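A.B. asks: Coordinates only, no sequence provided:
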């Protein structure tokens, strides 16, 4: 299967490069435009009555910034060396264009959701019915494995290590809290994510930023090490693999969250797609990587602890809990939406199975699930990437119409 893995990584990079060429590297050439359309619109009043652009972004980030942003980056450096960070950055720079395209398409082709609001994602913008069904079928096991079992296991392990809590009660309480939020549908999940994402970002980036400040004199040496080791084959393999799955650009899942946004123009949500990649990889993963390289620690907890003491380890453990729980919430919506697409109605049994997997992940050894996670991610990505190669010109036309419009700097 090694040839398949190499081929898939190559397809991710090729799609990112193709989308970048199609939009003429818009995320890099016009930073001011998409920053004004996203961050610049935050102080303005959002008059949307449904799920806003920011809420959709929060729901997407809730699932995107998972345990991979902490433990996954440490593993990439351990296996691929410091140069792996360089390839994570390359994936992010290309992934910004991929994310721009798929989020724009997701809003362009979204449809009314049962009970009000909108639903979107690859199932709706993929013109080929076979590819759409393929994506939806692959999405269901992906939500139960990578979006549930491994996240629940991370919560259990973090709280057991921090407080010595027993895994079974942790799993039951996690399932109860998730169930209460899931019962309110995507709008409640988006509302919870709007609270969780800023808190967990402030907690983790605050701790990581303090480490970078205290070790600022060593940052140039760490950056030099990253670039010097970048041409190593193992750095490319592990850096690309981690970079792709830390921001989900091209995977298609976060596009499902963005597809629920009520906004004035599809390309506006594409701007938030660029912002999402910047936060998940260029910011969170870079802070993780630099903290590890500056301290020489084998993992993120040890890196934070070596500078900030026991409080640093506590920050990492609590961040892991918040990141993992928010991922569970986001992925639960993806599974429900995939089933709704396949059966044209909600499937209540899915929620029971999903909550049961939270408890199972807390008490069982989830390490063996990672092979299934990789397989599910591959099966998700293939139809979406193939579709993006065909549909990218349509998204670029929408982008051109947006940037020439007089309302581009107004909130959606």
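C.D. replies: Ah, there it is. Since we're looking at a predicted model, the values are computed, not measured.

A.B. asks: what residue is smack in the middle of this protein?
C.D. replies: By CA atoms, centre = their mean, the mean C-alpha position of the chain lies nearest to residue 64, the distance being 1.8 Å.

A.B. asks: wait, that one sits on residue 278?
C.D. replies: No. Between residue 64 and residue 278 there is no contact under CB atoms under 8 Å: 11.6 Å. For every residue, glycine as well, the C-beta is placed using N, CA and C.

A.B. asks: what does stretch 332-348 contact?
C.D. replies: Residues external to stretch 332-348 that are found in contact with it (CB atoms under 8 Å, 6 or more residues apart in numbering): 59, 63, 114, 119, 121, 123-124, 132-133, 135-137, 139-140, 142-144, 147-148, 178, 182, 185-186, 189, 253, 256-257, 350-351, 354.

A.B. asks: Give me the buried positions along that stretch.
C.D. replies: Under the neighbour-count criterion of 16 or more other CB atoms under 10 Å, stretch 332-348 has 332, 333, 334, 335, 336, 337, 338, 339, 340, 341, 342, 347 buried.

A.B. asks: rewinding a little: tell me the contacts of the residue nearest to the centre of the chain?
C.D. replies: 246, 247, 248, 254, 276, 280, 327, 330.

A.B. asks: Mark which of these are part of strands, please.
C.D. replies: Counted as lying in strands by DSSP state E, out of the contacts of residue 64, is not a single one.

A.B. asks: From the residues you listed, pick the one nearest residue 156.
C.D. replies: Nearest to residue 156 among the contacts of residue 64 is residue 327, at 14.1 Å by CB to CB.

A.B. asks: what's the distance between the closest one and residue 400?
C.D. replies: For residue 327, the distance to residue 400 equals 34 Å [CB to CB, to the nearest Å].

A.B. asks: Can you pick out the residue with more neighbours from these two?
C.D. replies: Neighbours per residue, other CB atoms under 10 Å: of residue 327 and residue 400, the larger number sits with residue 327, 27 against 14.

A.B. asks: wait, the more buried one sits on residue 63?
C.D. replies: Yes. Applying CB under 8 Å, one finds residue 327 in contact with residue 63, separated by 5.1 Å.

A.B. asks: Identify the contacts common to those two.
C.D. replies: Common contacts of residue 327 and residue 63 (CB under 8 Å, 6+ apart): residue 147.

A.B. asks: mind listing the helices in the stretch 1-150 of the chain by residue range?
C.D. replies: 2-22, 26-29, 31-37, 53-64, 71-80, 84-108, 122-125, 129-144, 150-163 (DSSP state H, counting those that start in this stretch).

A.B. asks: Can you tell me the element the closest residue to residue 61 other than its chain neighbours falls in?
C.D. replies: Spatial nearest neighbour of residue 61, chain neighbours left out: residue 197 (5.1 Å); criterion: CB to CB, 6 or more residues apart in numbering. Per DSSP states H and E, residue 197 falls inside helix 185-214.

A.B. asks: All good on my end, thank you.
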